[in-house]
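Undergrad: no FASTA, just this:
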């Protein structure tokens, strides 16, 4: 209906043409031919008034963080589902990224439980203080100091950076003590490369929809949504904490604002604590 709001993946554009299919009280699927083969995660649009994760005062946080946190939640679940591949230590590159610290938050929630994991956030010197002050990592290491970290315990590497240099160093340093290498992101877009010829395990690309399907089959869609909603609620409370917020939202409108923010992002000029919500 006119005026309804929907949550989903929209392009940066003035308008979008969709072909609604499978319409229900919760939303619809886009049936446009060029999108029909996509996984439902990418062409599903949810009515906000029927969405358990939506709040009007959190729309900025939802737009910026919800898709990323969903990935963080699923990576955490995937690792726990596989008993962390026999490791009890997890290293995450680009730990200052939103998906990175979302995963850090999920792992930190396991402290004191049966699945307690020692976490190491790897980050740049520029983002070291921000990453340390988040408080979700047991240890924060500057990339230049990685060689000083003792590689004597079985570990998992979650690669948010995509950097071949960092990946090669982690694999070379941990060798067979690296129990699993999980490829996720590409924040270091200027140094991306393949995972061939590495010491230790071959990196495996994490595909979030596969974990969604597995859990829907095992738990049911309602239970998966409920667990995600609980984790999301706790995460948003932390991120928007008035005394020490993890994210400050800046809003802007217009084509120039979009172009300026895009270039600033490519140049690495957007502070880790800042999130931009743009409208055309």
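TA: All right, it came through fine. Owing to the predicted nature of the structure, the values given are computational and were not obtained by experimental measurement.
Undergrad: what are the boundaries of the helices in the stretch 101-250 of the chain?
TA: 128-134, 164-174, 208-219, 221-239 (DSSP state H, counting those that start in this stretch).
Undergrad: is it possible to export the ones you listed to CSV including mean pLDDT and mean neighbour count?
TA: Yep, even glycine has a C-beta here, placed from its N, CA and C like the rest. Listed next are the helices of the stretch 101-250 of the chain as CSV, based on pLDDT from 0 to 100; neighbours: other C-beta atoms under 10 Å:
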stretch, mean pLDDT, mean neighbour count
helix 128-134, 96, 18
helix 164-174, 94, 18
helix 208-219, 94, 15
helix 221-239, 94, 16
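Undergrad: low-confidence ranges, the protein, go.
TA: Scanning the chain for pLDDT under 70 picks out the ranges 1, 189-192, 195.
Undergrad: quick check: the residue most central in space within it vs residue 75, distance?
TA: Closest to where the C-alpha atoms of the chain average out (C-alpha atoms, centre = their mean) is residue 99, at 2.5 Å. With the distance defined as C-beta to C-beta, to the nearest Å, residue 99 ends up 8 Å from residue 75.
Undergrad: and what of residue 225?
TA: Residue 225 is 18 Å from residue 75, by C-beta to C-beta.
Undergrad: contact partners for the closest residue to residue 50 other than its chain neighbours?
TA: In space, and not counting its chain neighbours, residue 50 is closest to residue 26: 4.9 Å by C-beta to C-beta, 6 or more residues apart in numbering. For residue 26, the contacting residues are 46, 47, 50, 51, by C-beta atoms under 8 Å, 6 or more residues apart in numbering.
Undergrad: looking at the residues you listed, which is nearest residue 199?
TA: Using C-beta to C-beta, residue 46 comes nearest to residue 199 of the contacts of residue 26, at 43.6 Å.
Undergrad: am I right that the closest one falls within a strand?
TA: Yes - inclusion of residue 46 in a strand is indicated when DSSP: H, G, I helix; E, B strand; the rest coil is applied.
Undergrad: now do the contacts for it.
TA: 6, 7, 8, 26, 27, 54.
Undergrad: which of the residues you listed are buried? Put it as a PyMOL command.
TA: Selection of buried members from the contacts of residue 46 for PyMOL, criterion 16 or more other C-beta atoms under 10 Å:
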select buried, resi 6+7+8+27+54
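Undergrad: residue 107 versus the residue lying closest to residue 244 once chain neighbours are set aside, what's the distance?
TA: Nearest non-adjacent residue to residue 244, counting by C-beta to C-beta, 6+ apart: residue 133, 7.4 Å away. Separation of residue 133 from residue 107 (C-beta to C-beta) stands at 17 Å.
Undergrad: what's the answer for residue 170, then?
TA: 17 Å.
Undergrad: go on, residue 194?
TA: Residue 194 is 27 Å from residue 107, by C-beta to C-beta.
Undergrad: settle it for me: which of those two has more neighbours?
TA: residue 107 (27 against 9; other C-beta atoms under 10 Å).
Undergrad: now do the strands in the stretch 1-150 of the chain.
TA: 6-7, 20-21, 27-30, 44-47, 89-92, 118-123, 139-142 (DSSP state E, counting those that start in this stretch).
Undergrad: among the ones you listed, which is the most enclosed?
TA: strand 89-92 (a mean of 26; mean count of other C-beta atoms under 10 Å).
Undergrad: contacts for that strand, please.
TA: 79, 84, 100, 103-104, 107, 117-122, 153-158, 160, 170.
Undergrad: mind running it again at 6 Å?
TA: 100, 103, 117, 118, 119, 120, 121, 153, 155, 156, 157, 158 (C-beta atoms under 6 Å, 6 or more residues apart in numbering).
Undergrad: any idea how far residue 127 is from the nearest residue to residue 274 once chain neighbours are set aside?
TA: Nearest residue to residue 274 in three dimensions, chain neighbours excluded: residue 248, at 5.6 Å (C-beta to C-beta, 6+ apart). Counting by C-beta to C-beta, the separation of residue 248 from residue 127 is 15 Å.
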